[in-house]
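>>> Here's a sequence, model it:
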Amino acid sequence: MTTSHSAVAEIMTAFEEFKATNDNRIRQEVKNGVADVITTDKLAKIEATLASHEDANQRVTLAQKAADRANDEIKRLQTALEKLEAKAGRPGAFGDRSRNGSEYKNAFDSYLRRTESGLEPEEKKALQEYKALVAGNDTLGGYYLAPADVQTEIIKNVILMSPVRTIARATTIGVASLKLPKRTGVFAARRVGEVDTRNETTGYQTGMVEINAPEMYAEVLISEQMIEDSMFDIQAEMSTEFTEQFAVKEGAEFVVGTGSDNQAEGFMTSPAVTQVFTSGSAAGINDVNGQADGLINAYYGLKTAYAKNAVWVVNRQTIGAVRRLKDSVGRYIWNPGVQNAAPATILDAPYVELPDMPAIAANAYPIAFGDFQKGYRIVDRVLISVLRDPFTQAGNGQIKFLARKRVGGAVVQGEAIVKVQCHV
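Numbers count the residues shown, from 1 in each chain. Okay, the predicted model is just below:
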């Protein structure tokens with residue numbers, strides 16, 4: 001992704017004006033207890049200019065994170081596809097560009113319009129064969145997987161709406177849960193004399209982390225007349241509706257999910273994330289002296305092994321507050337990074353905007369920092385599957401589409417993530 005020279009110049013100019021105006025505001029507050037209206041209004045306008053470029057910055061950040069993982073993901077998908085095609089006994093069986101892929105897509109569209117009983121024998125056979133051959137799909141009762149082009153669009157939009165998927169690690173499983181061995185205790189090495197007795201260095205322990213993939217669903221009602229219209233793109237409509245509902249639900253749970261009541265465990269609510277660094281200012285992320293000691297302590301409090309791949313996660317309002325913070329020598333900790341398609345940074349580390357992150361308030365945790373690739377795991381058990389129900393809403397002239405998906409998430413390495421808490 002590239003950024004135009006005019007946009008780069010605008011951001012850099014705005015940031016220089018922001019620093020000068022904010023410094024002036026601080027001097028006025030120190031001298032008079034409050035900044036004058038002209039200064040505060042000017043600062044607000046400059047901040048609005050910087051905020052207007054935040055969407056582009058997030059696209060750069062997420063694209064960079066996605067690119068870091070793209071090669072491995074492509075290799076994994078190619079291997080999975082080769083196995084699936086070998087099992088099917090017909091190369092290219094499920095590719096959108098293949099003849100059979102087109103047959104399935106057409107059969108799925110017919111299913112959405114006419115129900116399973118209205119399918120032609122060849123269409124029904126295509127659906128049943130595909131359903132039987134897809135590994136890990138345990139759906140029953142008329143559910144069918146959305147075609148690859150629908151699923152691809154859904155995954156793409158989920159990344160934009162729930163960028164935790166871009167910074168964390170996602171794994172597709174074929175069983176009810178993912179179980180991972182984990183070291184829970186370590187031993188300490190000891191010194192010993194040449195002929196002294198060697199005793200066991202106790203303390204080494206292992207455990208198991210289990211991540212379940214509970215079910216979520218979405219329901220969309222579409223009028224029969226819209227479906228009957230041959231020009232109506234029903235797949236695009238489904239994609240939009242299911243994308244929004246699943247993405248919003250996933251995004252919230254990956255951040256603040258309880259881990260109970262069939263929810264994913266959020267990294268902000270997980271008891272495994274124990275490292276917390278507090279600010280020194282009541283209900284704010286700045287310290288009493290206006291500096292960013294809480295964020296600086298969090299940055300250096302994360303172990304080096306995790307810090308090299310770590311990102312900050314914040315909501316949009318918190319980004320604005322962070323821009324005003326400085327270190328102990330008066331340097332701003334936020335820096336624009338639009339040149340050469342580099343993301344903006346906080347203390348030289350990129351940040352990702354998550355709308356589900358808590359807002360700045362007393363005793364709140366509005367900021368987290370960590371290596372989410374190592375710290376948080378997402379598990380996908382069943383991809384989006386669709387059931388067409390023409391009966392329930394028949395009296396209202398509508399068709400009900402029920403979609404389901406099994407997905408979960410949990411913290412697997414708590415020390416890879418730290419949180420910043422506002423002072424009480």
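>>> How many neighbouring residues does Ile333 have?
Using other CB atoms under 10 Å, Ile333 is surrounded by 20 other residues. Any C-beta I mention is one placed from the backbone N, CA and C, and that applies to glycine too.
>>> list the contacts for it?
If a contact means CB atoms under 8 Å, 6 or more residues apart in numbering, then Ile333 has Ala292, Leu295, Ile296, Val322, Leu325, Lys326, Asp327, Ile346, Leu347 as its contacts.
>>> Distance to Leu387, secondary structure and pLDDT added to the residues you listed, as CSV?
Formatted as CSV, those follow (distance: CB to CB, whole Å; DSSP: H, G, I helix; E, B strand; the rest coil; pLDDT from 0 to 100):
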residue, distance to Leu387, secondary structure, pLDDT
Ala292, 51, coil, 89
Leu295, 48, helix, 94
Ile296, 52, helix, 94
Val322, 45, helix, 93
Leu325, 51, coil, 92
Lys326, 56, strand, 91
Asp327, 56, coil, 90
Ile346, 45, strand, 95
Leu347, 49, coil, 94
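>>> between those residues, which is closest to Thr40?
Within these, proximity to Thr40 (CB to CB) peaks at Leu325, which comes in at 17.5 Å.
>>> How many residues are close by the nearest residue to the closest one once chain neighbours are set aside?
Once flanking residues are discounted, Leu325 sits nearest to Ala292: 3.7 Å by CB to CB, 6 or more residues apart in numbering. For Ala292, the neighbour count with other CB under 10 Å is 26.
>>> Backbone dihedrals for Ala292, please?
phi -110, psi 40 (degrees, to the nearest 10).
>>> Isn't it up against Asn286?
Yes - Ala292 lies in contact with Asn286 (CB atoms under 8 Å); the separation is 6.6 Å.
>>> Please enumerate the shared neighbours of the two.
Any residue near both Ala292 and Asn286 by CB under 8 Å, 6+ apart counts here, and that gives Leu325.
>>> tell me the phi and psi of the most centrally placed residue in the chain?
Taking CA atoms, centre = their mean, the centroid of the chain lies closest to Val164, which sits 1.5 Å from it. Backbone torsions for Val164, taken as degrees, to the nearest 10, come to phi -60, psi -30.
>>> Just say helix, strand or coil for the nearest residue to it once chain neighbours are set aside.
Nearest non-adjacent residue to Val164, counting by CB to CB, 6+ apart: Phe254, 4.1 Å away. For Phe254, the assignment made with DSSP: H, G, I helix; E, B strand; the rest coil gives helix.
>>> And Tyr130, what's its pLDDT?
As predicted, Tyr130 sits at a pLDDT of 54.
>>> Which helix or which strand is home to Glu241?
Here Glu241 is covered by helix 234-256, with elements defined by DSSP states H and E.
>>> Please apply the same query to Ala362.
Per DSSP H and E, there is no helix or strand for Ala362.
>>> buried ones in stretch 178-188?
For stretch 178-188, a neighbour-count test (16 or more other CB atoms under 10 Å) marks Leu178 as buried.
>>> chain center to that stretch: distance?
Mean-position distance between stretch 178-188 and its chain equals 26 Å (CA atoms, centre = their mean, to the nearest Å).
>>> contacts for it?
Residues from elsewhere that reach stretch 178-188, judged by CB under 8 Å, 6+ apart: 171, 201-211, 213, 377, 379, 412.
>>> change it to 10 Å
Stretch 178-188 is contacted from outside by 171-173, 200-213, 272, 377-381, 408, 410, 412-413, using CB atoms under 10 Å, 6 or more residues apart in numbering.
>>> doesn't Gly330 make contact with the residue nearest to Leu325?
No - counting by CB atoms under 10 Å, Ala292 stays clear of Gly330, with 11.3 Å between them.
>>> What is the neighbour count of His53?
As a measure of burial, His53 has 18 neighbours, counting by other CB under 10 Å.
>>> Equivalent analysis for Gly284, please.
Gly284 has 19 neighbours, counted by other CB under 10 Å.
>>> list the contacts for it?
Gly290, Gly294, Ala321, Leu325, Ile360, Ala361, Ala362, Pro366, Cys422, His423.
>>> Now the phi/psi pair for it, please.
When read as degrees, to the nearest 10, the backbone of Gly284 gives phi -150, psi 170.
>>> Walking through the stretch 151-300 of the chain, point out its strands one by one.
In the stretch 151-300 of the chain, the strands defined using DSSP state E, counting those that start in this stretch lie at 169-172, 177-185, 205-212, 215-223, 276-282.
>>> where does this structure have low pLDDT?
1-8, 68-78, 80-119, 123-162, 230-233, 235-236, 288, 338-341, 424 (pLDDT under 70).
>>> Please tabulate the contacts of Ile333 in TSV, including the columns distance to Val192.
Output for these, formatted as TSV (distance: CB to CB, whole Å):
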residue	distance to Val192
Ala292	47
Leu295	44
Ile296	42
Val322	51
Leu325	51
Lys326	51
Asp327	46
Ile346	47
Leu347	44
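>>> Noted, bye for now.
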